[in-house]
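Enquirer: Provide a 3D model corresponding to the input given below.
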Amino acid sequence: MSFRTKLLAFFAVTIVAAVSLVAWGVTSYTRRAFEELDRQRTDALVAQFRREFAQQGDEIAHRVQGVADAEATLRMAMDLNRPQADASQYYNDARGIAQSQQLDFLDIVAGDGTLISSSEWPARFGYKNDWVTSETDWNTKGAFLRRVDLPDTVDLGLLAVRTVRIGEKRFFLIGGQRLDQNFLATLVLPESMRALLYPNLEQGFVSSALVDVRGPVAQADSFSPLITEVQKTRRELQGTINSGSERDRFFNSETFDAIPLPGREGDLLGVLLVGSSRQDLVQMLAFIRSLALLVGGGVILLGLILGWWISARVTRPIEQLAVAARDVAAGHWEARVEIHSRDEIGQLAVAFNDMTRQLAEQRERLVQTERVAAWRELARRLAHELKNPLFPLQLTVENLQRARQQTPEQFDEIFVESTATLQAELENLKTIVSRFSDFARMPPPEFESVDINESLRSVVKLFEPQLSAVGRPPITPELYLDEHLTRAQADPVLLRRAFENLVLNSLDAMPAGGTLTVRTSEGSGSVRLEISDTGAGLTPEECARLFTPYYTSKRHGTGLGLAIVQSVVSDHGGKITVESAPGAGATFRIELPTVQRNLRARPHDVEEKLADPPLIFNLESKP
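Expert: All right, here's what the predicted structure looks like:
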């Protein structure tokens with residue numbers, strides 16, 4: 001991944017993370033604020049219900065008390081207090097009184113609990129209401145909830161009881177009103193809130209009993225789990241009710257607080273449900289998300305444009321510097337970059353130009369130093385190599401000078417012997433000069449497609465007479481060649497010469513016989529070959545100096561064979577290494593590229609290129 005791509009990705013991730021964090025924070029805060037506001041509104045509505053409930057209870061108690069204090073009630077009580085009084089004549093009085101006092105329920109009960117008159121169920125005349133006789137002082141009690149039986153149904157009533165005393169006897173007045181949807185209509189509900197009432201007058205959950213201000217509630221079965229749980233625990237609970245379709249469930253969900261309504265004996269007679277719609281919250285959260293997406297998309301687009309501009313401003317000059325650096329690495333020592341800014345990029349360009357200028361100057365000094373050192377080393381080596389044959393030549397000439405003073409027969413004998421010595425040493429001088437000439441005139445490779453396996457087979461076959469020569473311990477060749485080896489681009493003549501030098505070096509390392517192993521294999525865009533012997537091996541110091549020109553561990557050798565091999569491999573863009581240890585033989589490994597590209601210039605090529613004009617790169621710090 002490029003630096004520009006990484007920078008753009010960093011900008012995008014940072015912006016997305018920032019926008020997401022802000023959107024999450026705003027959403028969380030909004031949700032908490034809405035839930036807190038919803039809790040406050042619910043608490044206010046519950047408090048309002050309790051006030052309305054208490055106020056209506058007081059009103060009912062006041063009305064029943066008014067009935068108890070009425071003159072007609074007192075006359076009825078006095079009449080019923082007489083011996084042999086006929087209570088049936090008051091059979092229908094309760095209905096008229098209830099209508100005049102706007103009461104839904106009114107029962108006139110004798111002191112022993114016998115029902116004298118009932119507005120809601122006159123046919124119950126003479127029935128016993130034992131519960132009313134258990135309290136001694138009803139006049140100090142307030143209204144309470146109680147189940148009211150009707151001829152064909154059951155209602156939930158808010159009732160009050162008052163006592164009328166005539167002498168030692170007492171009569172009871174039980175009056176009240178229904179607690180139903182009409183009561184819910186008295187509550188002032190904020191928008192998006194509603195109140196429901198469930199009279200708990202039957203076993204289990206009865207969906208038709210759940211009402212709001214308009215009557216029975218649609219989809220009442222969805223409230224069954226919440227109400228059933230209140231019936232079990234008798235505690236205030238909270239739950240979420242989904243009343244919409246499956247697709248809009250969250251949008252149409254409501255949060256309900258279920259408040260139990262106990263009776264006088266503590267039994268659960270009803271459940272008040274105060275609900276708050278989540279539609280406003282959902283709409284607000286959807287708006288926040290949409291706004292976050294819109295803002296985030298715009299900011300991301302702006303960030304990407306800004307990131308692209310910044311990355312182009314930074315990476316384009318760096319790319320130009322990289323191209324210039326590669327040209328320097330390829331041998332174009334005079335490569336330069338143009339400077340168009342004074343910021344950090346411009347400073348980097350100035351530093352690069354200074355570096356290449358210093359490299360060119362140092363290279364020139366190094367070339368001159370190496371050239372002098374090479375000539376000195378060449379002179380030293382040449383003097384050393386020529387010194388050996390010159391000494392015998394000098395002795396031979398001196399012998400001839402002394403033999404001139406001898407007899408002709410003795411001179412002829414010494415002359416023949418001396419001329420033979422002169423010819424041998426002159427031939428040795430010729431060989432030395434020829435070797436130095438060959439090393440100095442290494443031609444540049446002429447590349448063509450070469451079968452490495454076939455080249456190695458021909459070299460090994462060339463040395464077969466030496467491998468099994470008479471009077472010499474045999475050397476066994478072992479070839480492990482990859483038959484699917486890719487053909488390489490190389491100079492067949494130079495490559496064969498390098499292989500011959502390596503094989504000959506291995507044969508010289510095994511005077512007592514052994515095994516010569518040749519192996520080839522396929523690499524990544526290259527071919528690999530190994531030439532191993534089982535000779536005496538080399539020390540680490542010898543391995544380090546093995547490819548140095550004129551270095552040799554043999555008694556008779558110029559030390560140029562492996563130097564020539566390294567030069568050939570280097571000219572092919574490959575590399576050669578040696579692995580050895582004393583007594584473990586030696587292995588030479590060569591890796592050659594299958595395709596030649598961008599080879600470094602050889603020393604004489606570099607000298608020719610010194611006069612080339614410098615490369616100039618236009619380095620700008622702006623896109």
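Enquirer: strands of the stretch 351-500 of the chain, start to end?
Expert: 448-450, 475-480, 488-490 (DSSP state E, counting those that start in this stretch).
Enquirer: closest one to Val337 among these?
Expert: Closest to Val337 of the strands of the stretch 351-500 of the chain is strand 488-490 (Cβ to Cβ; 33.4 Å). (Each C-beta comes from the backbone N, C-alpha and C, glycine too.)
Enquirer: need the pLDDT of Ser468.
Expert: As predicted, Ser468 sits at a pLDDT of 78.
Enquirer: looking at the strands of the stretch 351-500 of the chain, which is closest to Leu37?
Expert: strand 488-490 (81.2 Å).
Enquirer: could you point out the longest strand of the protein?
Expert: Identified as the longest strand of the chain according to DSSP state E is strand 154-166.
Enquirer: what's downstream of it, the next helix or strand?
Expert: Where DSSP states H and E defines the elements, the next helix or strand beyond strand 154-166 is strand 169-178.
Enquirer: and the angle for that next one with strand 154-166?
Expert: Going by axes from the mean of the first three to the mean of the last three Cα atoms, to 10 degrees, strand 169-178 is angled at 150 degrees with respect to strand 154-166.
Enquirer: for strand 169-178, which strands pair with it and how are they oriented?
Expert: strand 105-109 (antiparallel), strand 154-166 (antiparallel) (DSSP bridges).
Enquirer: can you list those in a markdown table and add distance to Leu479, mean neighbour count and mean pLDDT?
Expert: Shown next, in a markdown table, are the strands paired with strand 169-178 (distance: least, Cβ to Cβ, whole Å; neighbours: other Cβ atoms under 10 Å; pLDDT from 0 to 100):
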| stretch | distance to Leu479 | mean neighbour count | mean pLDDT |
| --- | --- | --- | --- |
| strand 105-109 | 119 | 25 | 93 |
| strand 154-166 | 108 | 21 | 91 |
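Enquirer: could I get the ones you listed as TSV with distance to Val295?
Expert: Converted to TSV, these look like this (distance: least, Cβ to Cβ, whole Å):
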stretch	distance to Val295
strand 105-109	62
strand 154-166	54
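Enquirer: CA atoms of the longest strand of the chain as CSV?
Expert: In CSV, the C-alpha atoms belonging to strand 154-166 read as follows (Å, rounded to 0.1, in the frame of the first residue of the first chain):
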residue,chain,number,x,y,z
VAL,A,154,-69.4,-6.6,37.4
ASP,A,155,-68.1,-3.0,37.7
LEU,A,156,-65.3,-1.4,39.5
GLY,A,157,-66.6,1.3,41.8
LEU,A,158,-65.1,4.0,43.9
LEU,A,159,-67.4,3.8,47.0
ALA,A,160,-67.9,5.6,50.3
VAL,A,161,-69.9,4.5,53.3
ARG,A,162,-71.8,6.6,55.8
THR,A,163,-73.7,5.7,59.0
VAL,A,164,-77.1,7.1,60.1
ARG,A,165,-77.9,6.6,63.8
ILE,A,166,-81.4,6.7,65.2
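Enquirer: and that strand, how far out from the chain's middle?
Expert: 73 Å (Cα atoms, centre = their mean, to the nearest Å).
Enquirer: mind listing the strands for the stretch 1-150 of the chain?
Expert: Using DSSP E, counting those that start in this stretch, strands in the stretch 1-150 of the chain cover 105-109, 115-118, 144-149.
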